[in-house]
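*Asks:* show me how the following folds:
(one chain, ligands or ions: 1)
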Amino acid sequence: MRTPLIAGNWKMYKTSSEAIVLAKAIVKTLSTPDGTQVVICPPFTALAAVGQVVVGSRISLGAQDLHWAKEGAYTGEVSAEMLRDIGCRYVIIGHSERRQYFGETDEGVNKKCRAALASDLTPIVCVGETLAEREAGRAYGIVETQLKGALSGLLPEQVQRLALAYEPVWAIGTGRTATPSQADEMHAHIRKTVAMLVDAEIARSVRILYGGSVKSDNAKELLERSEIDGALVGGASLQADSFAAIAAAAKR
Ligand code: PEP
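*Replies:* So this is what the prediction gives:
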């Protein structure tokens, strides 16, 4: 049985004071544990403040990226240890916006996963095809290549500790969602790929989230699919009510 995981990616929204208000509303709205794990990922500048708000609640703190080095002359970057030190438990890695705008590569994703795992952070590793790739019939191959790169050289027990997120690029922030069958089928393919690359038992236990315009009104039909273990939520995580409704829809 895989514990459902709902993660909110706040992207580059919310100043620190705005983030505190939102985090407080989420903590209040999601005060009752129901078996679903919930994570919020504010921007770096709000992590410490939001960490103070969520302490002692059922909400965990996550970051949106990290650098793979322990420390060093990497201006503008943040290490796994720095995130861990301010209370992060999760970190999003390889989001398509980082791949698209900041040159994130599969090799970089792999290095970041290793760094996160070494600091006991749970990576949420994003994979997903563009619209052109889907239309060209290349979606499954693209996702497979991204998985191979991300998981390269990781031990089975390390893969078990991370979460994967299938995020078709054409569905992110567009209001266009993959149909539950499209998502379920890709998740099954991801699980098969993990079984092939790593281990069948690990593939059965690793969580695979869906991301791409998940909203309160489509969450249930996605989350009730057997292969979908949770959601990575962008826009709808910026309001406590819609985020809480999505988290509630994940309850098994
Ligand atoms: C995301 O940022 O990972 C995402 C899925 O965004 P949205 O829910 O807004 O499509």
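*Asks:* residues contacting Lys24?
*Replies:* Contact analysis of Lys24 by CB atoms under 8 Å, 6 or more residues apart in numbering lists Val53. The C-beta positions use only the backbone N, C-alpha and C, and glycine is treated the same way.
*Asks:* what about it, which helix or strand?
*Replies:* Under the criterion of DSSP states H and E, Lys24 resides in helix 16-29.
*Asks:* need the helices for this protein, in chain order.
*Replies:* Taking DSSP state H, the helices of the chain run over residues 16-29, 44-54, 80-85, 96-102, 106-118, 131-135, 139-151, 156-161, 180-197, 200-205, 219-223, 240-249.
*Asks:* out of those helices, which is closest to the ligand?
*Replies:* helix 96-102 (7.0 Å; CB to the nearest ligand atom).
*Asks:* quick check: buried residues in the closest one?
*Replies:* For helix 96-102, burial by neighbour count (16 or more other CB atoms under 10 Å) applies to 96-99.
*Asks:* just give me how far that helix sits from the chain centre.
*Replies:* 15 Å (CA atoms, centre = their mean, to the nearest Å).
*Asks:* CA-only coordinates of that helix in PDB, if you can.
*Replies:* This file holds the C-alpha atoms of helix 96-102, laid out as PDB (Å, rounded to 0.1, in the frame of the first residue of the first chain):
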ATOM      1  CA  SER A  96      10.000  20.900 -16.500                       C
ATOM      2  CA  GLU A  97      10.300  24.700 -15.900                       C
ATOM      3  CA  ARG A  98      13.900  24.100 -14.700                       C
ATOM      4  CA  ARG A  99      14.600  21.900 -17.600                       C
ATOM      5  CA  GLN A 100      13.100  24.400 -20.100                       C
ATOM      6  CA  TYR A 101      14.300  27.700 -18.700                       C
ATOM      7  CA  PHE A 102      17.500  26.800 -16.800                       C
END
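*Asks:* got the contact list for the nearest residue to Ala247 once chain neighbours are set aside?
*Replies:* Nearest non-adjacent residue to Ala247, counting by CB to CB, 6 or more residues apart in numbering: Ile6, 4.5 Å away. Ile6 makes contacts with 36-39, 230-231, 233, 243, 246-247, 250, as judged by CB under 8 Å, 6+ apart.
*Asks:* could you rerun that using 7 Å?
*Replies:* Residues in contact with Ile6, defined by CB atoms under 7 Å, 6 or more residues apart in numbering, are 36, 38, 230-231, 233, 246-247, 250.
*Asks:* from those residues, which ones fall inside strands?
*Replies:* With strands taken from DSSP state E, the overlap with those comprises 38, 230-231, 233.
*Asks:* let's have the residues you listed in a markdown table, adding pLDDT.
*Replies:* Shown next, in a markdown table, are the ones in strands among the contacts of Ile6 (pLDDT from 0 to 100):
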| residue | pLDDT |
| --- | --- |
| Val38 | 98 |
| Gly230 | 98 |
| Ala231 | 98 |
| Val233 | 98 |
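*Asks:* among these, which are within reach of the ligand?
*Replies:* Residues of the ones in strands among the contacts of Ile6 in contact with the ligand (CB under 6 Å from any ligand atom): Val233.
*Asks:* neighbours around the closest residue to the ligand within the chain, how many?
*Replies:* Proximity of the chain to the ligand (CB to the nearest ligand atom) peaks at Gly234, 2.1 Å away. Neighbourhood size, Gly234 [other CB atoms under 10 Å]: 23.
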